[in-house]
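*Asks:* The sequence and its predicted three-dimensional model are supplied below.
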Amino acid sequence: RTVVVPMPDAKGRKAILDVHAKNKKFEDGVDLDTLAKKTVGYSGADLENLLNESAIMAAKDNRKKISQDDLMEAYLKVKLGRKKKGDKEEEDIKKTAYHEAGHAIVAKFTDGADPVEQVSIISRGMTGGVTVYLPEKERNTLFKKQMLAWLRTGVGGRAAEELFLGDISSGASSDIEHVTEVAKEMVMKYGMSEKLGLIKYGDLDETSHLGFAYGGGRDYSEKTAQLIDQEVKNLVDEAYEDAKKLLTDHKDDVEKLVKLLLEKE
């Protein structure tokens, strides 16, 4: 018998955090509920690690209680890696500021997008900067509006580079990978393409929810394959044009956020 144990939902994550928080001291006002909401996809071990990291940060700073800032920093450290110290050129810092501002402003003004909680231009792991989103609620069902919002937000960084810097960089590679995957799922898995209809295309093994999947074969014609490619490209292209228009309409907001990021990182 195969028993699939999914990652805990928000309620489960809060219960796990409560267990690991029992032997730790927190400042007044520390909110574990918010932490539970934002740690989508975290395992029990990840959550334990997060609280331990926050305790270490407080101890290094000679504080006896964990603050909300400690929790946020630990969250980013577990998710993305340690902060990298000032090893970036001024041009790279400016590019990162516009890139992350692009993500944040597009999310702010896109219906269906997750709210932005934090924007940073500090390098972590393999990322030059990060925009952190806080889902308003745990989702079991994805709506087309939300997935279109993901596409638009995902390409917002690249769109900002093109509009405000007059050039594009390799920094959007993970964004491109993400939006391509979302667009493919919309077309091939969720029947969200009018031209292709309510058909699932491809026969990927259904054990992907266990953390692995076999390559599978193609169960459709070359003509259909071309149509799928075109529909995926259309979704991403449309999102990109929408993002550029939105950023142009909110140019002043982008510049204000970039100025703040350069001042406060």
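*Replies:* Looks like it arrived, so ask away. Residues are numbered from 1 along each chain as shown.
*Asks:* For stretch 127-146, buried residues please.
*Replies:* Thr127, Gly128, Gly129, Val130, Thr131, Val132, Tyr133 (16 or more other CB atoms under 10 Å). Yep, even glycine has a C-beta here, placed from its N, CA and C like the rest.
*Asks:* Need the phi and psi values for the fourth one.
*Replies:* Okay, so that is Val130. phi -150, psi 140 (degrees, to the nearest 10).
*Asks:* And for the last one?
*Replies:* The phi/psi pair for Tyr133 (degrees, to the nearest 10) reads phi -110, psi 150.
*Asks:* just the strands in the stretch 1-150 of the chain please.
*Replies:* 116-120, 130-133 (DSSP state E, counting those that start in this stretch).
*Asks:* Of the ones you listed, which is nearest Lys244?
*Replies:* strand 130-133 (17.6 Å; CB to CB).
*Asks:* what ranges of the stretch 151-265 of the chain fall below the confidence cut-off?
*Replies:* 203-217 (pLDDT under 70).
*Asks:* please redo it, this time with the cut-off set to 80
*Replies:* 203-219 (pLDDT under 80).
*Asks:* residue contacts, the nearest residue to Lys38 once chain neighbours are set aside?
*Replies:* Nearest residue to Lys38, sequence neighbours excluded (CB to CB, 6 or more residues apart in numbering): Leu134, at 5.0 Å. When contacts are counted by CB atoms under 8 Å, 6 or more residues apart in numbering, Leu134 is found next to Thr34, Lys37, Lys38, Asp114, Pro115, Val116, Glu117.
*Asks:* Take the strands of the stretch 1-150 of the chain and lay them out in JSON lines including distance to Glu90 and mean pLDDT.
*Replies:* Output for those, formatted as JSON lines (distance: least, CB to CB, whole Å; pLDDT from 0 to 100):
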{"stretch": "strand 116-120", "distance to Glu90": "17", "mean pLDDT": "90"}
{"stretch": "strand 130-133", "distance to Glu90": "20", "mean pLDDT": "88"}
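*Asks:* Asp31: neighbouring residues, count only.
*Replies:* 11 (other CB atoms under 10 Å).
*Asks:* contacting residues around the spatially closest residue to it that is not a sequence neighbour?
*Replies:* The spatially closest residue to Asp31, leaving aside those adjacent along the chain, is Gln68, at 6.6 Å (CB to CB, 6+ apart). Contacts for Gln68 (CB under 8 Å, 6+ apart) come out as Glu27, Gly29, Val30, Asp31.
*Asks:* let's see it at 7 Å
*Replies:* Taking CB atoms under 7 Å, 6 or more residues apart in numbering, we find Gln68 in contact with Gly29, Val30, Asp31.
*Asks:* what do you get for Asp253?
*Replies:* Neighbours of Asp253 in contact, by CB under 7 Å, 6+ apart: Ile105.
*Asks:* next one: the one 4 residues further on
*Replies:* Taking CB under 7 Å, 6+ apart as the definition of contact, the neighbours of Leu257 are Ala101, Ala104, Ile105.
*Asks:* which residues does the first one contact?
*Replies:* Residues in contact with Ala101 (CB under 7 Å, 6+ apart) are Ala160, Val254, Leu257, Val258, Leu261.
*Asks:* Around the first one, count how many other residues there are.
*Replies:* When counting by other CB under 10 Å, one arrives at 29 neighbours for Ala160.
*Asks:* could you flag which of the contacts of Leu134 are buried?
*Replies:* Buried among these by 16+ other CB under 10 Å: Thr34, Lys37, Lys38, Asp114, Val116, Glu117.
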